[in-house]
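1. pasting the sequence and the predicted model now:
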Amino acid sequence: MPMIKAGLEAALAGRYRVEREVGRGGMATVYLAQDLKHHRPVAVKILHPHLAAQLGTDRFLREIQIAARLSHPHILTLIDSGEADGLLYYIMPFVQGESLRERLNRGGLPVDEALEIARHIAGALGYAHAQGVVHRDIKPENVMLHEGEAMVTDFGIAKAVSAAGSENLTQTGSTVGTPAYMSPEQASGESELDGRSDLYSLGCIVYEMLAGVPPFTGSNPQAVMVRRFTEPAPPLPAISPALPEVIERAIMRALEIRPDDRFSTTAQFAQALAVPGVVTTPPGASPATVATPSSTRAAKSVAVLPFADMSPEKDQDYFTEGIAEEIINALSKIQALRVASRSSSFAFKGKNQDIREVGDKLGVSTVLEGSVRKAGNRLRITVQLVNVADGYHLWSDRYDRELEDVFAVQDEIAENIVKALRVVLSENEKRAIEQARPENVQAYEYYLRGRQFVHQYREKSLQFARRMFQRAIEVDPNFARAYAGLADISSMLYQWWDASDANLSQAETASRKALDLAPDLAAAHASRGFALTISRQFAAAEQAFEVAIKLDPTLFEAYYFYARTCFQQGKLEQAATLFEKANSVRPEDFQASGLCSQVYAGLGRTADEERAYHRTIEIIEKHLELNPDDARALYFGANALAKLGNREKALDWLGRSRAVDPEDSAVLYNVGCVYALLGETDQALDCLEQAVVHGYAHKEWIEHDSDLDSLRQSPRFRKLVASI
């Protein structure tokens, strides 16, 4: 190895200074080096000579170039690669931490920490799979731990070696994949692998983190392979009575022999592992490592409370709420940061609760609170980021600015939160949090007034929001976000309240204008997809949603409305995948979870259906604690309760939902669905007929909604559908 180090030093002279060997694995030797240009430590990995000879420079650089495109908070990015004197190398940031293998060798992991690591890995894999990249060698050695974050390394390397035609899959040191973690299809030599192969490997890692050993062991690699093909994974040892059974079921599903029997995506697996309040002690751990209510909070998480209005007239609620919402939207683009939803955070408006109580209820480690004083053209914004655990400030500041500086202030606040929580942003995330800014502050104020009413999700509030967006456009005809908002309002009104040509036309023209003004704005593409859906241009709608997701993988609305579009066409498998993705992007939203339950019912996937219903009820009960008069939450919850046989509580929630707005067509339709589930045929048809009277005209949805199956033979129901 001294000769290799000497050759490497000569080849990299002037760019990197090689210091020492720090590790050696089955495919590469790792050296610590200094990046002389950027003054940072890096890890230089040299492929073993026999692999380099098999592979060849061109094939290696081609495969590694694909991996170099990956940019995600839980992926260790590729900095450089090349060939030097027959040596093939690639360079990554040097992580001051330890590998997951080293961590496991030190002893058992607390369950909450193990599941958090699993979710980080799942997020990285899900992102890579969406880019068409399968890792092929997921194992504890390829996961680095740094400041509570897990980062996956070596994307593209196993694929490169596989491309060279390595057939020896049974000897460690030269395998494409590692026997203890390799999926059955990879072990059998299949060349066309998809993300479910990595999912299997991740299942092996999670099993080992919880049980202390991999699911399959043996005296040699061949024995491990035989057991993998001939035996199901052994049940997890009884770690603690408090460990939810759903976790073991999820892991066992990830370890199914057939890829079709596993989760479709790593995001679905991560969601199945997202069980709050897990309190248990792993093998060998002391009671001090047991998760407590405070330790179940995500380490890097924040709730942004609505800012207090300190203006003399106390008439700036729309403005103070708008600033807080903009900060929430910006922070939500960051995958390594968990951000409480607007509906959850804003439920604490005016309640003056202790910050620690707020943090406990929202499951976050930090809370941002602030105030705004607006007088004429002057702003004073005061903010403080508070650590929930001890009540101390992590950061605070005061901004005395002109009104037109409000956008810069919002950006500075978001940036300072990121710094205070020590979150590393990818380049894509840095770009994503920069919103399309209006040219006129007055237009922005109208836009914020509109946004305040969109969230009420009622026809009257949406009509008011539309007027505000229109005024914003009158003041600033180049305000793309206002056009996107106007398009969404028109699409919502058309779909659930007023299926008029005027709404259809406005959705079409406003969504086009938003795209013309801001072709790189993900929300504009999502609005366009929604508008195309209501005009039944489904293929074009799906293309628009795909672009929106590519531009912003954290945009909930893109996944959610894309899923609804697929459901309308009867594409239930695709709809389920998209609803699950929407739920993983915004776990506190009950809509995606509730609708996903119904899709699973249509697919006959009973276990998934039941899991999703339980998840939906849990989300809604927490939501109703903070928002007891949310009609939409009540009828979604009633639906799930009915499916699980809780008739009495379902009827109670139906009554509460109708009382909030008895003439709202969306409320009437959904209440009617639940009455149908409960066998109350006349009441169901009464509600559905009233829904149509008040503007409901979503014919494809009624035709595919499994909740209404009990009504389909009714002449009264057939007449109703024909009338739409």
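-> Yep, it's here. Numbers count the residues shown, from 1 in each chain.

2. tell me where the model's unsure across the stretch 1-150 of the chain.
-> Applying pLDDT under 70 to the stretch 1-150 of the chain flags residues 1-11, 26, 54-55, 67, 147.

3. residue boundaries of the helices in it?
-> 2-12, 49-55, 57-68, 100-105, 111-130 (DSSP state H, counting those that start in this stretch).

4. can I get these in CSV including distance to Arg338 and mean neighbour count?
-> Using the backbone N, CA and C atoms, a C-beta is placed for each residue, glycine as well. Shown next, in CSV, are those (distance: least, Cβ to Cβ, whole Å; neighbours: other Cβ atoms under 10 Å):
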stretch, distance to Arg338, mean neighbour count
helix 2-12, 39, 15
helix 49-55, 39, 16
helix 57-68, 27, 17
helix 100-105, 21, 17
helix 111-130, 10, 24
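
5. nearest to Ala576, of those helices?
-> Ala576 lies closest, by Cβ to Cβ, to one member of the helices of the stretch 1-150 of the chain: helix 111-130, at 15.3 Å.

6. what residues go with each domain of the chain?
-> Per automatic domain parsing, the structural domains of the chain span 2-93, 99-280, 301-428, 436-553.

7. need these in TSV (columns: distance to Glu573).
-> Shown next, in TSV, are those (distance: least, Cβ to Cβ, whole Å):
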stretch	distance to Glu573
domain 2-93	26
domain 99-280	8
domain 301-428	25
domain 436-553	14
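
8. tell me which of those sits nearest to Glu609.
-> domain 99-280 (13.4 Å).

9. starting at the chain centroid, how far to the closest one?
-> On the basis of Cα atoms, centre = their mean, to the nearest Å, domain 99-280 sits 20 Å off its chain's mean C-alpha point.

10. now stretch 685-692
-> Mean-position distance between stretch 685-692 and its chain equals 36 Å (Cα atoms, centre = their mean).

11. and that stretch, what's its mean pLDDT?
-> Regarding stretch 685-692, the rounded mean pLDDT is 90.

12. likewise stretch 385-398?
-> Averaging pLDDT residue by residue across stretch 385-398 gives 80.

13. before we move on, the earlier item: how about the helices of the stretch 1-150 of the chain in TSV, adding distance to Gln506?
-> Formatted as TSV, those follow (distance: least, Cβ to Cβ, whole Å):
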stretch	distance to Gln506
helix 2-12	60
helix 49-55	57
helix 57-68	43
helix 100-105	53
helix 111-130	33
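
14. figure out which of these is closest to Tyr600.
-> helix 111-130 (19.6 Å).

15. picking that back up, Gly391 is nearest to which of the helices of the stretch 1-150 of the chain?
-> Proximity to Gly391 (Cβ to Cβ) singles out helix 111-130 among the helices of the stretch 1-150 of the chain, at 22.6 Å.

16. identify whichever of the domains of the chain lies nearest to Lys622.
-> Counting by Cβ to Cβ, Lys622 lies closest to domain 301-428 out of the domains of the chain; the figure is 7.9 Å.

17. circling back: so which of the domains of the chain is nearest Ala601?
-> Ala601 lies closest to domain 99-280 among the domains of the chain, at 16.5 Å (Cβ to Cβ).

18. so which of the domains of the chain is the most surrounded?
-> Highest mean neighbour count of the domains of the chain: domain 436-553, a mean of 21 (counted as mean count of other Cβ atoms under 10 Å).

19. the closest residue to Gly570 other than its chain neighbours and Trp497, how far apart?
-> Counting by Cβ to Cβ, 6 or more residues apart in numbering, His704 is the residue found nearest to Gly570 once chain neighbours are left out, at 5.6 Å. Separation of His704 from Trp497 (Cβ to Cβ, to the nearest Å): 20 Å.

20. repeat that for Ala484.
-> With Cβ to Cβ as the criterion, Ala484 and Trp497 are 20 Å apart.

21. check Arg471 too.
-> 21 Å.

22. which residues of the stretch 351-500 of the chain fall in helices?
-> Under DSSP H, counting those that start in this stretch, the stretch 351-500 of the chain gives helices at 355-362, 406-420, 427-432, 441-454, 459-475, 480-496.

23. and the pLDDT at the nearest residue to Arg398 once chain neighbours are set aside?
-> Nearest non-adjacent residue to Arg398, counting by Cβ to Cβ, 6+ apart: Thr382, 4.8 Å away. Thr382 is assigned 85 on the pLDDT scale.

24. would you confirm that Thr382 contacts Ser371?
-> Yes: Thr382 is in contact with Ser371 according to Cβ atoms under 8 Å; the separation is 5.1 Å.

25. for the residue nearest the centre of the chain, give me its contacts.
-> Geometric centre of the chain, nearest residue: Val585, 2.4 Å, by Cα atoms, centre = their mean. Contact analysis of Val585 by Cβ atoms under 8 Å, 6 or more residues apart in numbering lists 553-556, 559.

26. among those residues, which are located in helices?
-> When the contacts of Val585 are checked against helices (DSSP state H), the matches are 556, 559.

27. which two from the contacts of Val585 end up farthest apart in space?
-> So, the contacts of Val585 by Cβ to Cβ: farthest apart are Pro553 and Phe556, at 10.6 Å.

28. from Ser345, how far off is Ala631?
-> In terms of Cβ to Cβ, Ala631 sits 20 Å off from Ser345.

29. please read the previous query as pertaining to Ser201.
-> For Ser201, the distance to Ser345 equals 37 Å [Cβ to Cβ].

30. and Glu245, by the same measure?
-> Plainly put, Glu245 is 32 Å away from Ser345 if you go by Cβ to Cβ.

31. and what of Phe567?
-> With distances taken as Cβ to Cβ, Phe567 is found 30 Å from Ser345.

32. how about low-confidence regions in the stretch 451-600 of the chain?
-> 456.

33. and His525, what is it in contact with?
-> By Cβ under 8 Å, 6+ apart, the neighbours of His525 are 515, 544-545, 547-548, 551, 558.

34. so which of the residues you listed comes closest to Thr616?
-> Set against Thr616, the nearest of the contacts of His525 by Cβ to Cβ is Ala558 (20.9 Å).

35. now the end-to-end length of stretch 400-412.
-> By Cα to Cα, to the nearest Å, the extent of stretch 400-412 from end to end equals 13 Å.

36. actually stretch 186-201, not the one I wrote
-> End-to-end for stretch 186-201, by Cα to Cα: 10 Å.

37. now stretch 360-372
-> 26 Å.

38. how far off centre is it?
-> The answer for stretch 360-372 is 21 Å, by Cα atoms, centre = their mean.

39. of all the helices of the stretch 351-500 of the chain, which one is nearest Leu70?
-> Across these, closest to Leu70 is helix 427-432 (Cβ to Cβ), at 10.2 Å.

40. and the average pLDDT for the closest one is what?
-> 63.

41. to Ala13, which of the helices of the stretch 351-500 of the chain lies closest?
-> Judged by Cβ to Cβ, the one of the helices of the stretch 351-500 of the chain that comes nearest to Ala13 is helix 427-432, at 28.7 Å.

42. coming back round to it: turn the contacts of Val585 into CSV, columns for distance to Tyr127.
-> CSV is the format used below for the contacts of Val585 (distance: Cβ to Cβ, whole Å):
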residue, distance to Tyr127
Pro553, 7
Thr554, 11
Leu555, 14
Phe556, 16
Tyr559, 14
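
43. show me the one in the contacts of Val585 that has more neighbours than the rest.
-> With neighbours defined as other Cβ atoms under 10 Å, the most crowded of those is Tyr559; it has 27 neighbours.
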